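In: Quick check, what structure comes out for this input:
(2 chains)
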Amino acid sequence: MEELSARQLREAIAKGQITSTEATKAVFDAIEKYDGAIGAYISTFEEQALARAVEVDKKIAAGEPVGQLGGVPVAVKDNMCTTFGATTCASKILEDFHAPYNATAVGKLIAADAVIVGKTNMDEFAMGSSTENSGLKQTVNPWDTSRVPGGSSGGSAAAVASRLCIAALGSDTGGSIRQPASFCGVVGLKPTYGRVSRYGLVAFGSSLDQIGPVTRTVEDCALMLNVIAGHDSADSTSVDENQAPVCDYLEKLDEPVKGLKIGVVPEFAKGADPEVQKAINEALEVYKSLGAEIIEIEMPHLDYAISAYYVIATAEASSNLARYDGVHYGHRTENPKDYIEVYSKSRAEGFGQEAKRRIMLGTYALSSGYYDAYYLKALKVRNLIRDDFTQAFEKCGCVAMPVSPTTAFKIGEKIADPLQMYLSDIYTISANLAGIPGISIPCGFDGNNLPIGLQILGPAFGEDKLLRTARMYEAKIQWHKKKPSLIE
Amino acid sequence: MSDIQYKVIVGLEIHVQLCTKSKMFCGCAVEFGEVANSRVCPVCLGMPGVLPVMNKQALEYSVLAAMALNCKIAEFTKWDRKSYYYPDLPKNYQISQYDLPFSSDGFIEIPLEDSRTKRIRIIRAHLEEDAGKNLHTAGNFSQVDLNRTGTPLLEIVTEPDMNSPVEVRALAVELQRIVRYLGVSEADMQKGHMRFEPNINLAITKDDKEHKTPIVEVKNLNSFRALERSVEYEIHRQLDEFMETGRAMEMGNKTTRGWDAEREETVLQREKEEAHDYRYFPEPDLVPVKFAQQWLDEIKGQMCELPLSKQVHYVSEYGLSDYDASVLTAERSTAEFFEKVVGAGGDAKRLCNWVTQDGLRLANEKGCSVSELGITPEKVAELTRMIVSGDISSTAARTVSGIMITSADLSPREIAEKHNLIQKSDAGELEAIIDEVLAENAKAVEDVKSGGKKSKKARGFLLGQVMQKSKGRANPKVVSEILDKRL
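Out: This is a model prediction of the structure:
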């Protein structure tokens, strides 16, 4: 059962070949067995999940229709609000926070009859690339437990990779879905900004954040996107479907893209490890063999993406995280002298190092006298990067590059050097700055048997073609069928 | 002191609460005086993960008000986050507008004495959300009520074009009248729907040199009286201070003061203008707005004639006094009712008298507007014609007015007839009564005829006797004429 994809499992449940209860129990058995070592979950809801599974099974037994995820056990990153359990953002400041509402994406999972098994670990407030910044626990990479799972959606990627759920939701502000998917050998999609409602996603960088699926197959990615995509009147930045229609992403998934032109930026890709470059080039060869044309393009402003990103993301974060002040909810310091101390001590005690660092960076960037030099300039760079992509997509249907310059690094390797950590986001953040969709798919392993990811970026609201492009490749390779050694 | 002259310089910041049904970014009801924290939801509480959604009505009201203030409406506008930490602000930023307000460069005409008006320039008007309230009533801690959080506010900033407390008050009152006319705010001062922050200083000419005193901003005034009195107080205080210290305005020495309503004085709050850095940046959760011309045209279609314009034309067109015109135009419904009454025909001055006296009195008693009394403009016109023609006395007309409210199917004449209120103006009938009275009061007749000191009083007595005999229904004008002939 655990090797079934979400789509296969849903079909099997619908046909009565397996019950949701059995599938859910199997997932909890796996969690019991492996999550002590992996640490993917912050919280799990066994009782509730099994009750849900029983409900779905009853529906099926009664011949009632079930949703697109009918009975499939899924996980949700712990920065999406749920009325059940806590919503911690892996932060001490929200450790005991219980949200009074469900995030729109979570509500859509439930409406699609998914069984939510738990909430996954992450870098605190999604700030990080290794899940080491979690204020609550460490998640390890199931391929090598001495290594990080990537981040910030490290818990979701590790859980999917080690079959502790069938599919999961992550969020991606600068690569937080794609990079951990790459590190853990699974598929991760960051949809176009505005494709999936952000309502109920605890904000980090509001103009960059996007919820997306982490799955084992491209098909499951399409299935999950089917469930969560669409306009939401509660999110003004979610896009009007008259402007950009949502389609059935499964419908034509297996139709290869005709006349596919893939853009590559050789200069830019050179920054990656040779083994990563090699795997990417081999993947491109597969595409060539499928009739795709590889063309070299120039994207002159990508080099500035990291600088612009860390100004914009931290500026927005400094404002988004201002509300965690100990006054209305969340951690409050004991015996404050006055209300200023309620703020300063609650925040000093509640936030971890990285959150504090980014709040300070962002506050500085927005300060009067610095705004023009930092924030405004970063916005200008952002526009140039957007233009780079617009021009690129006039020449090619998509752009391919690595997800990360390296495979999963050792726990503790980069934590003392934040700048080094930031630089590892080089290939992923431009998609967030440009608001375009990007997918990470397994494309090989390095000498340490660690997964490597291929990233494909497409034009805004071109998820259908992007998924088809990814599927073309996936159909030809076997990388995604390999299991991490830990669970073999 | 004799060689000192000074000019008062005042600019105003005004917050007007818009009367939308729901808050600016969520569906919570905007209600006053409800149980603390009962009109809140995750959005206005600033819970993790929530997002604001713009209340279209708030934007429409704001644009309508800005149009009435002759502001330019921007083609493109956006919202910004204004960051500061305070317990009544759950997100610790306020969604406001910074560098691209939706409107700017307007003006408001304000009425002054002797039918004069003055134009006060408006720098900008923008739309922002209100904060909650901190309550310091419970011992060793403060409480926070977030019912008001997220209520839409229109912030209007004027140029420092006002030069006296009277002008400041006039602007405030005029603005209240305008927003009420437009129906965009109840502008109820008691409920804090209008809050004022005057910036006050003086340009003092001493020994042929001009000195400007440091600007003082008085925070959070919520009555016309407090506004006017605080400006008056500041004028004297700044004058005294200047005489004592000679301190003049310079960069960074603007101070903030509060108003102590009991002692009627301003109290220092912040000495130096603290280097407040609000770290404004564009609100990423709201999409910028481009106004469609069609939408703007639709809003323009809701525009009505503004009160001051009405007031001025009532004076010039109908010859009403400035005072009467201002009473008629205090509320839009009264003014519009008056216009309908005039349209129904008759002498404007008399129609005005009915509206401002009987009409408003009855409306006040009933707790409704004049137009809601159930008295049609046609009936008012008819009643007034009856007074003019002498068919009914002013006193009797008042009685008829009162009855009209409950007798919608009867005309004023029918009511007057039914209640025996029609005046006797028939000379023959009245002459008989007068003859009787003259015969019965020979002494008084003599007094009148003698033309002495007692003459006037005696004549009044005879008139009174006639009125009494006619049970108050004799037309005094006709009686008076006959008496003149007889005596």
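In: show me what contacts A:H480?
Out: A:G185, A:V186, A:V187, A:R216, A:T217, A:I441, A:P442, A:E474 (Cβ atoms under 8 Å, 6 or more residues apart in numbering or on different chains). Just so you know, the C-beta spots here come from the backbone N, C-alpha and C atoms, and that holds for glycine as well.
In: could you dump these to TSV with secondary structure?
Out: Conversion of the contacts of A:H480 to TSV gives the following (DSSP: H, G, I helix; E, B strand; the rest coil):
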residue	secondary structure
A:G185	coil
A:V186	coil
A:V187	strand
A:R216	coil
A:T217	coil
A:I441	strand
A:P442	strand
A:E474	helix
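In: With respect to B:G343, which of those residues is nearest?
Out: The nearest member of the contacts of A:H480 to B:G343, counting by Cβ to Cβ, is A:V187 at 74.8 Å.
In: Looks like the closest one contacts A:A181 (just checking).
Out: Yes: counting by Cβ atoms under 8 Å, A:V187 touches A:A181, with 6.0 Å between them.
In: any common contacting residues for those two?
Out: A:V214, A:S440.
In: which one of the two has more residues nearby?
Out: Neighbour totals were compared for A:V187 and A:A181, and A:A181 leads with 39 against 32 (other Cβ atoms under 10 Å in any protein chain shown).
In: Low-confidence ranges, chain B, go.
Out: Applying pLDDT under 70 to chain B flags residues B:1-3, B:272-275.
In: which bits of it sit near chain A?
Out: Residues of chain B that fall close to chain A, judged by Cβ under 8 Å from any Cβ of the partner chain: B:42, B:45-54, B:81, B:83, B:85, B:87, B:90-93, B:142, B:144, B:277, B:279-281, B:284-287.
In: Filter the residues you listed down to just the ones in strands.
Out: Using DSSP state E, the members of those that fall in strands are B:R81, B:S83, B:Y93, B:S142, B:V144, B:F281.
In: Among those, the buried ones, what's the PyMOL command?
Out: Command for PyMOL, covering only those of these found buried under the criterion 16 or more other Cβ atoms under 10 Å in any protein chain shown:
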select buried, chain B and resi 81+83+93+144+281
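In: Return the residues of the stretch 1-150 of chain A in contact with chain B.
Out: Counting by Cβ under 8 Å from any Cβ, the stretch 1-150 of chain A sits next to chain B at A:N79, A:M80, A:C81, A:T87, A:C89, A:L94, A:F97, A:A99, A:P100, A:Y101, A:A103.
In: ok so, going back, take the ones in strands among the residues of chain B next to chain A and lay them out in TSV including distance to A:T19.
Out: Below are those laid out as TSV (distance: Cβ to Cβ, whole Å):
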residue	distance to A:T19
B:R81	49
B:S83	52
B:Y93	49
B:S142	55
B:V144	50
B:F281	52
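In: So B:R247 sits against B:E241, correct?
Out: Yes: in this structure B:R247 lies within contact range of B:E241 using Cβ under 8 Å: 6.7 Å.
In: Which one's more surrounded, the two?
Out: A direct count of neighbours by other Cβ under 10 Å for B:R247 and B:E241 places B:E241 higher, at 16 against 13.
In: so, if you compare the residues of the stretch 1-150 of chain A next to chain B, which one comes nearest to A:G175?
Out: A:N79 (15.2 Å).
In: and that closest one, how many neighbours does it have?
Out: A:N79 sits with 34 neighbouring residues when counted by other Cβ under 10 Å.
In: tell me the contacts of residue 149?
Out: Since you didn't name a chain, this refers to chain A. If you count contacts by Cβ under 8 Å, 6+ apart, A:P149 has them with A:40, A:130-131, A:139-142, A:155, A:157-158, A:161, A:180, A:183-184, A:408.
In: wrong one, chain B
Out: Neighbouring residues of B:T149 by Cβ under 8 Å, 6+ apart: B:K23, B:V40, B:C44, B:L45, B:D88, B:L89, B:P90, B:E129, B:D130, B:A131, B:G132.
In: Shouldn't it be within a strand?
Out: No: B:T149: not assigned to a strand; according to three-state DSSP it is coil.
In: Residues of the stretch 351-488 of chain A that sit close to chain B?
Out: So the stretch 351-488 of chain A meets chain B at A:T363, A:L366, A:S367, A:S368, A:Y371, A:Y375 (Cβ under 8 Å from any Cβ).
In: Check pLDDT for these and point me to the minimum.
Out: pLDDT is lowest at A:S368 among these; the value there is 89.
In: What is the neighbour count of that one?
Out: A:S368, neighbours per other Cβ under 10 Å, totals 12.
In: Let me know whether it touches B:H276 as I believe.
Out: No: taking Cβ under 8 Å as the definition, A:S368 is not a contact partner of B:H276, at 9.2 Å.
In: Okay, and the nearest residue to B:I200 once chain neighbours are set aside sits in which element?
Out: Leaving aside its chain neighbours, B:I200 sits nearest to B:E234 (4.5 Å; criterion: Cβ to Cβ, 6 or more residues apart in numbering or on different chains). Taking DSSP states H and E as the criterion, B:E234 maps to helix B:224-245.
In: B:I14 now?
Out: If you go by DSSP H and E, B:I14 is part of strand B:4-17.
In: ok, residues contacting the helix or strand just after that strand?
Out: Under the assignment DSSP H and E, the closest C-terminal helix or strand after strand B:4-17 is helix B:56-68. Applying Cβ under 8 Å, 6+ apart, the external contacts of helix B:56-68 come out as B:16, B:18-21, B:24, B:73, B:102-103, B:106, B:125-127, B:152, B:154, B:178-179, B:181-182, B:184-185, B:289, B:291, B:296, B:299-300, B:302-303, B:306.
In: ok so, going back, and for B:R247 and B:E241, which residues touch both?
Out: B:T213.
In: Please determine how far the nearest residue to B:L112 once chain neighbours are set aside is located from B:Q5.
Out: Among residues not flanking B:L112 along the chain, B:K118 sits closest, at 5.7 Å (Cβ to Cβ, 6+ apart). Distance, B:K118 to B:Q5, by Cβ to Cβ, to the nearest Å: 20 Å.
In: Between these two, which is the more surrounded one?
Out: B:K118 (16 against 10).
In: Report how many residues lie close to the residue in the stretch 301-450 of chain B that chain A sits nearest to.
Out: For the stretch 301-450 of chain B, the residue closest to chain A is B:Q302, as judged by Cβ to the nearest Cβ, at 24.8 Å. A count of nearby residues for B:Q302, using other Cβ under 10 Å, gives 14.
In: B:K56 versus that one, what's the distance?
Out: Taking Cβ to Cβ, one finds B:Q302 at 14 Å from B:K56.
In: just A:P256 next, same as before
Out: 45 Å.
In: if you count what's nearby, which of the two comes out ahead?
Out: A:P256 (14 against 10).
In: show me what contacts that one?
Out: A:L290, A:G291, A:R468, A:M472 are the contacts of A:P256 under Cβ under 8 Å, 6+ apart.
In: Filter those residues down to the buried ones.
Out: Of these, these count as buried by 16+ other Cβ under 10 Å: A:R468, A:M472.
In: Run through the helices of the stretch 101-250 of chain A in chain order.
Out: Under the criterion DSSP state H, counting those that start in this stretch, helices of the stretch 101-250 of chain A are mapped to A:104-111, A:154-161, A:178-184, A:218-228.
In: Packing partners of the shortest one?
Out: In this case it means helix A:178-184. Applying 3 or more Cβ pairs under 8 Å, 6 or more residues apart in numbering or on different chains; DSSP states H and E, one finds that helix A:178-184 contacts helix A:154-161, strand A:187-190, strand A:438-445, strand A:451-457.
In: any chance of the ones you listed in JSON lines, with mean pLDDT too?
Out: Formatted as JSON lines, those follow (pLDDT from 0 to 100):
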{"stretch": "helix A:154-161", "mean pLDDT": "98"}
{"stretch": "strand A:187-190", "mean pLDDT": "98"}
{"stretch": "strand A:438-445", "mean pLDDT": "98"}
{"stretch": "strand A:451-457", "mean pLDDT": "98"}
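In: Can you tell me which of the ones you listed is packed in deepest?
Out: helix A:154-161 (a mean of 36; mean count of other Cβ atoms under 10 Å in any protein chain shown).
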